[in-house]
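Visitor: Build me a structure from this.
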Amino acid sequence: RDVLAELHSRLGFLQQVGLDYLTLDRAAPTLSGGEAQRIRLAAQLGSNLQGVCYILDEPTIGLHPRENSILLDALQQLEARVNTLVVVENDEDTIRRANHVIDLGPGAGKLGGQVIASGTAAELMRQPQSVTGRFLAQPLRLPLHPPRAVDKRTPRLIIEDTRLHNLKNLDVRLPLQRLVVITGVSGSGKSTLARDVLHANLAQQIAARRTKKQRPLAGCAALHGGDGIGRVLEVDQTPIGKTPRSCPATYVGFWDAIRRLFAATTEARMRGYTASRFSFNTKGGRCEACDGQGIRKIEMSFLPDVRVTCEVCAGARFNSETLAVRFKNKSIGDVLAMDIDEAADFFSAHAAVHHALTLLQDVGLGYLALGQQSPTLSGGEAQRIKLVAELSKVRADGNDAAARPGRAGSNKHSLYVLDEPTVGLHMADVEKLIRVLHRLVDAGNTVV
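Guide: This next block holds a predicted model:
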């Protein structure tokens, strides 16, 4: 009797959060992000605790608008049991349903950290300095770009008889050189189609052209129309580098141009310094106490490792001789510490560097430091840096729209697969991201 009551309540909670279609033996790795999130929530709902403070970091990630309301109803049930819920969220519905909203800003990074407004959503809308309030009062007007025509002459990628996980005998036609969106409720097979079928098989086909070795397709019977695609790329939220030496400047690729500028100064030429002297990855010019990382790792017994600023170079990454070379009265260490907005002004006369920096500003990353260590970047920041690295490749004569598609010298275009690129982004950043995706399409590429 007691066991059945517990079973009924737990299954009831899974049903309540919209997961009644799952089988009980479903393997956890095959669940979508939104499904896993709701299962964790159902476990809390089923615990029947009172007086708990729940902290949720972006619970609406991966959810369809239909499931959003189911999730918010479940959160209100938790609250009704005398619990407190603190939710970190940019989702408009969640903000409107909250009893109290705290809006941080005014910008991101070092421009943030202040309470701009607090109160209900309606009170936020009356605060002129609140960016969130402004977007609540005047939601984003779409489309930002007039829709591109898709007709019989539009080249297409055709995937035949797709069968994998939830996908049942699908025939999919994707127009090329367009912005294509795959949507549907959480768990309907969007990521399976985009990543496991489209990306995996197309990457395999492109590799087979080079190696002349054909492999069987996974999850579909046939894939046609990919001959004009030169490469396929998944732009996801995995870190852009695992070591503190990696940073936005090295990943996007304009750091080499900055090193050459320093090597061309009179002081550097007098001392016989080449561009390699201004690299923090090789011996010679870097600080050897921290191996050019700017920080030192101290191993602690029975405790996690502690990272402290290097006491020799004070975090500048270079030795004193290298730092003595000045370009426009700044050392190479000063340039690394600059944020992107400041550096865009500083290098305004140097086209290659300035172009990459303005692209980073366009995706809303002007607050990041050039030398910010990659492991400290959020998933959304890493994803936008990857998009900028791609955008900087499709530039020709400073004009994105007329750029050579794909790699330099290639007449084939690229196909980009993005799985939920707006995850964790504020409404203001979503607008910037959409404009960047359109720029990739204007350059002749396909974005899915």
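Visitor: where do the strands sit along the stretch 251-400 of the chain?
Guide: 295-298, 306-309 (DSSP state E, counting those that start in this stretch).
Visitor: Now tabulate those strands in TSV and tack on distance to residue 43.
Guide: For every residue, glycine as well, the C-beta is placed using N, CA and C. Listed next are the strands of the stretch 251-400 of the chain as TSV, based on distance: least, Cβ to Cβ, whole Å:
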stretch	distance to residue 43
strand 295-298	36
strand 306-309	34
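Visitor: Looking at the ones you listed, which is nearest to residue 360?
Guide: strand 295-298 (23.1 Å; Cβ to Cβ).
Visitor: List the buried residues for that closest one?
Guide: Neighbour counts over strand 295-298 (16 or more other Cβ atoms under 10 Å) mark no residue as buried.
Visitor: residues in contact with stretch 202-211?
Guide: With contact meaning Cβ atoms under 8 Å, 6 or more residues apart in numbering, stretch 202-211 is reached by 157, 214-215, 217-218, 223, 226, 229-232, 415.
Visitor: now for the strands of the stretch 251-400 of the chain, which one comes closest to residue 190?
Guide: strand 306-309 (38.3 Å).
Visitor: Return the list of helices and strands in contact with that closest one.
Guide: strand 295-298 (3 or more Cβ pairs under 8 Å, 6 or more residues apart in numbering; DSSP states H and E).
Visitor: I'd like the next helix or strand past the helix or strand of the chain with the lowest mean pLDDT.
Guide: Ranked by mean pLDDT, DSSP states H and E, the weakest helix or strand in the chain is helix 33-45, scoring a mean of 79. As assigned by DSSP states H and E, the chain's next helix or strand after helix 33-45 is strand 53-57.
Visitor: quick one: the least confident helix or strand of the chain to chain centroid distance?
Guide: Centroid displacement of helix 33-45 relative to its chain, using Cα atoms, centre = their mean, to the nearest Å, is 23 Å.
Visitor: before we move on, what about stretch 304-314?
Guide: With Cα atoms, centre = their mean, you get 28 Å for stretch 304-314.
Visitor: now the end-to-end length of that stretch.
Guide: Taking Cα to Cα, to the nearest Å, the first and last residues of stretch 304-314 lie 23 Å apart.
Visitor: hmm, who's touching that stretch?
Guide: Against stretch 304-314 from outside (Cβ under 8 Å, 6+ apart): 244, 287, 289-290, 293-300, 315, 319, 333.
Visitor: Counting neighbours, which of the residues you listed comes out on top?
Guide: residue 294 (26 neighbours; other Cβ atoms under 10 Å).
Visitor: That residue and residue 243 touch, don't they?
Guide: No: look at residue 294 against residue 243 with Cβ atoms under 8 Å: they stay out of range, at 11.7 Å.
Visitor: Same list, the strands of the stretch 251-400 of the chain, but as TSV with mean pLDDT please.
Guide: Output for these, formatted as TSV (pLDDT from 0 to 100):
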stretch	mean pLDDT
strand 295-298	86
strand 306-309	88
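Visitor: what's the distance between residue 346 and residue 389?
Guide: 21 Å (Cβ to Cβ, to the nearest Å).
Visitor: Grab the nearest non-local neighbour of residue 276.
Guide: Leaving out its chain neighbours, the residue that sits closest to residue 276 by Cβ to Cβ, 6 or more residues apart in numbering is residue 282, at 5.8 Å.
Visitor: Now do the SS call for residue 118.
Guide: Assigned with DSSP: H, G, I helix; E, B strand; the rest coil, residue 118 falls in the strand class.
Visitor: Pull up the per-residue confidence for it.
Guide: Looking at residue 118, its pLDDT stands at 92.
Visitor: What's the separation between residue 24 and residue 308?
Guide: 49 Å.
Visitor: Of the two, which one has the most company?
Guide: Just comparing residue 24 and residue 308: by other Cβ under 10 Å the higher neighbour count belongs to residue 308, 11 against 6.
Visitor: coming back round to it: which one, of the strands of the stretch 251-400 of the chain, ends up nearest to residue 31?
Guide: Of all the strands of the stretch 251-400 of the chain, strand 306-309 comes closest under Cβ to Cβ, at 34.3 Å.
Visitor: residue ranges with poor pLDDT in the stretch 151-300 of the chain?
Guide: In the predicted model, the stretch 151-300 of the chain carries no residue with pLDDT under 70.
Visitor: Go again with 80.
Guide: Counting by pLDDT under 80, the ranges of the stretch 151-300 of the chain that qualify are 166, 186-187, 237, 241-245.
Visitor: can you give me the helices in it?
Guide: 190-191, 200-211, 248-252, 255-263, 266-271 (DSSP state H, counting those that start in this stretch).
Visitor: okay, the longest one in PDB with CA atoms only?
Guide: What follows is helix 200-211, C-alpha atoms only, in PDB (Å, rounded to 0.1, in the frame of the first residue of the first chain):
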ATOM      1  CA  ALA A 200      27.800  13.500 -38.700                       C
ATOM      2  CA  ASN A 201      26.900  12.200 -42.200                       C
ATOM      3  CA  LEU A 202      27.800  15.400 -44.100                       C
ATOM      4  CA  ALA A 203      31.100  15.500 -42.300                       C
ATOM      5  CA  GLN A 204      31.700  11.900 -43.200                       C
ATOM      6  CA  GLN A 205      30.800  12.600 -46.900                       C
ATOM      7  CA  ILE A 206      33.200  15.600 -47.100                       C
ATOM      8  CA  ALA A 207      36.000  13.500 -45.500                       C
ATOM      9  CA  ALA A 208      35.300  10.700 -48.000                       C
ATOM     10  CA  ARG A 209      36.000  13.100 -50.900                       C
ATOM     11  CA  ARG A 210      39.400  13.600 -49.500                       C
ATOM     12  CA  THR A 211      40.300  10.000 -48.500                       C
END
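Visitor: How far off centre is it?
Guide: The answer for helix 200-211 is 26 Å, by Cα atoms, centre = their mean.
Visitor: So residue 173 sits against residue 154, correct?
Guide: No: at 9.7 Å, residue 173 does not count as touching residue 154 under the criterion of Cβ under 8 Å.
Visitor: got the contact list for residue 357?
Guide: Residue 357 neighbours (Cβ under 8 Å, 6+ apart): 254, 340, 343-344, 347.
Visitor: what do you get for residue 117?
Guide: 101, 103, 123-124, 127, 129-130, 132-133 are the contacts of residue 117 under Cβ under 8 Å, 6+ apart.
Visitor: All set, thanks.
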